[in-house]
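# For reference, the sequence and a predicted model appear below.
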Amino acid sequence: MEKQNVPELYGSLVFNDKVMRARLSEDVYTSLRKTIDENVSLETNVADAVAEEMKNWAIENGATHFTHWFQPLTGVTAEKHDSFIAPSPDGGVLMEFSGKELIKGEPDASSFPSGGLRATFEARGYTAWDPTSYAFIKDHTLCIPTAFCSYSGEALDKKTPLLRSMQAINRQALRILKLFGTDANYVRTSVGPEQEYFLIDQEMFNKRPDLKYTGRTLFGAMPPRGQEMDDHYFGVIKPRVNEFMEDLNNELWKLGILAKTEHNEVAPAQHELAPIYSTTNVATDSNQLTMEIMKKVASRHGMVCLLHEKPFAGVNGSGKHNNWSIGTDTGINLLSPGKTPYENAQFLLFLCAVIQAVDDYQDLLRLSVATAGNDHRLGANEAPPAIISIFLGDELSAILKAIKNDEPYEGTEDVVMKLGVHSIPKFRRDTTDRNRTSPFAFTGNKFEFRSLGSSNSIACCNIMLNASVAESLRQYADELENAADFETALHELIKRVITDHQRILFDGNGYGEEWIKEATEVRGLSNLKTTADAMPHLLDEKNKKMLMEHKVFTEAELQSRCEIMLENYVKTVNIEGLTMVDMVRKNYLPSIERYLYRLAETTSLMRQVSENVKCNYEVSTMERLSELTDHILEAVKKLEGVLDTFKGMDDIFESSAYVRDEMLPTMDELRKYVDEAEMLTSQKDWPFPSYGQLLFSVS
């Protein structure tokens, strides 16, 4: 692959600040920057000037079309392309693009999920430019990041409530900073989402209907070797995968996506990509682009990128760690403890705000990552449990304990690591370890929310995180702004929050059964195991009240999102069930029957040669496979009945509970019998590639 000059390549397809500064007049650039930095409305003449230069730049870089690029509630992105051409009087064409076209688009809103917000005949919808996220060129099309709303103004996307939540936390954080005398014009949250994924051979993928229809294998016996040897994690990257990664990096860098770290993950064929932090809405756009481009680049290399949370049973699934921090425009990380965190009252208050937010709204954080795919992953000793808790580490835990008990904090001594080899430099040990079993862990100057699934949009969890922290900060500001003695009130507030929300702090093993018992029975934490358990809590009164007061959602938008997410859950599992029936009826049962026929024919021929031939292998295999075909037939009939009953259900809460309690267990039962049959049937007669072939197909 041709070597690239990374500084020249980076952002070459982005209408970024460098391009705007060079191409826009000083007045237009200053006005646009004010809109980006301070949320000031954009004047029409400024929009026209920006549109003209954006069009010229895009055409110079090979673009022929433009699109308003948005994120509907489907979980993926959407785009409708329009060319720049307009007819000219001489019969030719002009290349036009106006400020009006930049600011507003009108896609059909009726065919996107709306959860009842829009009837099918109410088709009009609007896309509105988000100037805080730079436009970019993809496939010869100028893509303009936008919000998406209905004709009556309801948000039909994931970006609008995300931007609202960022405004909410900005408002409340500035109130707190003013009390401390900290200079800041605005506060923004930043995110760096680590992305896990699988790569398998395209030819193998094409032979698996379950992968094509559902993104995961619905059947498959484990191969002799999986991830037991722990040799894939951080192992040498295979040449074919390395070529994919190099190509992927180039594509991402062109789009200004800060792809930084890449490595092999735990499971065979599993890998990870991590970017550098960026502002939350930009990071969300970038992650959606990253997932799309991963699939395109994989296809160029004869592979398929799987982003399902659990594409293979028996090996680790794929997550997406959401590294979240909050900072000011003046460069202050509000979650940085500094060298003496015990004396850093501002840091401690923001830390308390996060602790209280996670405790008060643990159900919102859990449901923000709830999908049919992620239900297979959470709590499976490869990902955090469904119970939300916070890991702080030794130093912060000791500080909070000292504050809670009004005791002096003695501090921690720096420990110099000595490895016993003179040539290796000595280095200081961090004051806290990492806890990979914790769903929400403090990692030095940020929190890592580890419960997201690989295909999740990071918008959802950051909406809930921003809004819930904003609520904590609002309560603190209301109290401290009216305090007679700020220092005393601040100390009492921090102490009270630590005492009241101690239950959410846990530094131990989140995988242990004893933790689940302690968390639910002693601490009273919620354990929402599935999407069907979690999603209805979006409509709990306390959650609706908080989200509506901070103007993140309207009540109608909350109702619609609850319905949409549950619909997505039941439709996903229903498709999986139908796929299982199809594969069993058309492929598995006929294949097993063919193998049984060959065994019977072989046995008959062998006994014709000699009556003394026992045919133990043939007979015992036939007996068990015959039993299994009966079990498979019974199980597939049962699943067909369950699917038929589901078809007649109208209430989304009833149907989601039915999917959880009836459909999924029936699917598991059917899989158990088919997977056992795979182990008894010859590979020649088995209709689909095995796990071993899929997981070790890329070299």
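That came in fine, so what should we check first? These numbers were taken from a predicted model, which means no experiment stands behind them.
# hey, where'd the strands end up in the stretch 351-500 of the chain?
With DSSP state E, counting those that start in this stretch as the criterion, the stretch 351-500 of the chain has strands at 390-391, 416-417, 427-428, 440-442, 447-449.
# Identify each buried residue in stretch 96-104, please.
Neighbour-count burial for stretch 96-104, counted by 16 or more other Cβ atoms under 10 Å, picks out 97, 99, 101-103. C-beta: built from backbone N, CA, C; applies to glycine.
# cool, and stretch 321-337?
Within stretch 321-337, the residues that count as buried by 16+ other Cβ under 10 Å are 321-328, 332-335, 337.
# likewise stretch 608-628?
Residues 618, 621-622, 625, 628 are the ones in stretch 608-628 that count as buried (16+ other Cβ under 10 Å).
# can you list contacts of it?
The contact list for stretch 608-628, computed with Cβ atoms under 8 Å, 6 or more residues apart in numbering, reads 592, 595-596, 599-600, 602-603, 606-607, 673, 676-677, 680-681.
# repeat that for 10 Å
By Cβ atoms under 10 Å, 6 or more residues apart in numbering, the residues outside stretch 608-628 that reach it are 592-593, 595-607, 632, 672-682.
# average model confidence for that stretch?
Mean per-residue pLDDT for stretch 608-628: 92.
# Then stretch 79-95?
In this model, stretch 79-95 has an average pLDDT of 79.
# List the buried residues in that stretch.
79, 84.
# Quick check: end-to-end length of it?
End-to-end distance for stretch 79-95, by Cα to Cα, to the nearest Å: 20 Å.
# Quick one: residues in contact with that stretch.
By Cβ under 10 Å, 6+ apart, stretch 79-95 touches 55-56, 58-59, 63-70, 96-97, 101, 105-108, 127, 138-144, 146.
# could you redo the last one with a cut-off of 6 Å?
In this structure, residues lying in contact with stretch 79-95 by Cβ atoms under 6 Å, 6 or more residues apart in numbering are 64-67, 69, 96-97, 107, 141.
# cool, and stretch 637-652?
If you take Cβ under 6 Å, 6+ apart as the criterion, stretch 637-652 is touched by 563, 566, 577, 581, 655, 662-663, 666, 670.
# R23 versus L480, what's the distance?
Going from L480 to R23 by Cβ to Cβ, to the nearest Å gives 46 Å.
# now E549
E549 is 42 Å from R23, by Cβ to Cβ.
# again, but for G256
Taking Cβ to Cβ as the measure, G256 falls 16 Å from R23.
# Then P408?
Taking Cβ to Cβ, one finds P408 at 59 Å from R23.
# circling back to that earlier point, restricted to helices, list the buried residues of stretch 321-337.
Under the assignment DSSP state H, the buried residues of stretch 321-337 contribute nothing to helices.
# so which one among these has the lowest pLDDT?
Lowest pLDDT of the buried residues of stretch 321-337: P337, 87.
# Pull the contacting residues for that residue.
By Cβ under 6 Å, 6+ apart, the contact list for P337 reads F347.
# max-length strand in the chain?
strand 187-201 (DSSP state E).
# can you give me phi and psi for P72?
Dihedral pair for P72: phi -70, psi 180, per degrees, to the nearest 10.
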